[in-house]
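> Sequence and predicted structure below; questions after.
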Amino acid sequence: MVVLSTPLREDKLRALRIGDMVLINGIILTARDKVLRYLFEERPEMEFLENSIIYHCGPIVKDNKVLSAGPTTSIRLDRYTPELIAHYHIKAIIGKGGMGEETLSAMKNYGCVYLQATGGAGVYLAKRIKKVLDVKFLEEFGMPEAMWILEVEDFPAVVTMDSTGESLHKKIEEMSRRRHESR
């Protein structure tokens, strides 16, 4: 088990390999379709994004407490991700299902990793969130699409895309294809 604390250090991320289990301590930022599209199209100055962890998640929040925070499918956000990694120096993305080749290439170039969180475990993962520090774009985009700035403790994930260009998602897909073709 590797403990990652924010702000993230590139040398520690470059040492991670697919299959490594991590616990995250510090600050993560939620971002889904609307926020990522806005960042992609408008490129606002947001220095707090540098060396950050973006969590593909639309949390359920009540009275400033996160009730559920499960990952959303990341591939649909792939079209924005390579440029956002380069522009904002994002160092980790948490989601489910992995991302495409261009994102994997950007991760290799900029020392970023993809971390798989367990789908269907939103309530459990919310218990790893200790505090809502802030929220951006709540009025513009609504609760699930806003950018929630969260303090987490021992937030569990698995490295499934690393900064060497390896992808566990791609390996499993290739293995499945070979098995299917050999039948």
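Looks like it arrived, so ask away.
> Find the nearest non-adjacent residue to residue 9, please.
Excluding the flanking residues, the one nearest residue 9 by CB to CB, 6 or more residues apart in numbering is residue 51, at 7.9 Å. Where C-beta positions appear, they are placed from N, C-alpha and C, glycine not excepted.
> Hmm, that neighbour is touching residue 85, no?
No - counting by CB atoms under 8 Å, residue 51 stays clear of residue 85, with 11.4 Å between them.
> okay, the two: which has more neighbours?
residue 85 (23 against 18; other CB atoms under 10 Å).
> In this protein, which strand is the longest?
strand 147-161 (DSSP state E).
> Now do it: distance to the chain's middle.
7 Å (CA atoms, centre = their mean, to the nearest Å).
> tell me the mean pLDDT for that strand?
Averaged across strand 147-161, pLDDT comes to 98.
> let's number from 51 now, not from 1
OK, 51 is where the count begins now, so the last one is strand 197-211.
> Does anything pack onto it? Which helices or strands?
Counting contacts by 3 or more CB pairs under 8 Å, 6 or more residues apart in numbering; DSSP states H and E, strand 197-211 packs against strand 71-80, helix 151-160, strand 163-166, strand 179-186, helix 218-231.
> Next, the residue nearest to residue 59: secondary structure please.
coil (DSSP: H, G, I helix; E, B strand; the rest coil).
> doesn't residue 76 make contact with residue 202?
Yes - Residue 202 lies in contact with residue 76 (CB under 8 Å); the separation is 6.8 Å.
> who's more crowded, those two?
It is residue 202, of residue 202 and residue 76, that has more neighbours when counted by other CB under 10 Å, with 24 against 16.
> For that one, name its beta-bridge partners.
Assessed by DSSP bridges, residue 202 has beta-bridge partners residue 76, residue 179.
> and the gap between it and residue 126?
Here the criterion is CB to CB, to the nearest Å. By it, residue 202 lies 24 Å from residue 126.
> Show me which positions of the longest strand of the chain end up buried.
Using 16 or more other CB atoms under 10 Å as the test for burial, strand 197-211 gives 197-202, 205-207, 209-211.
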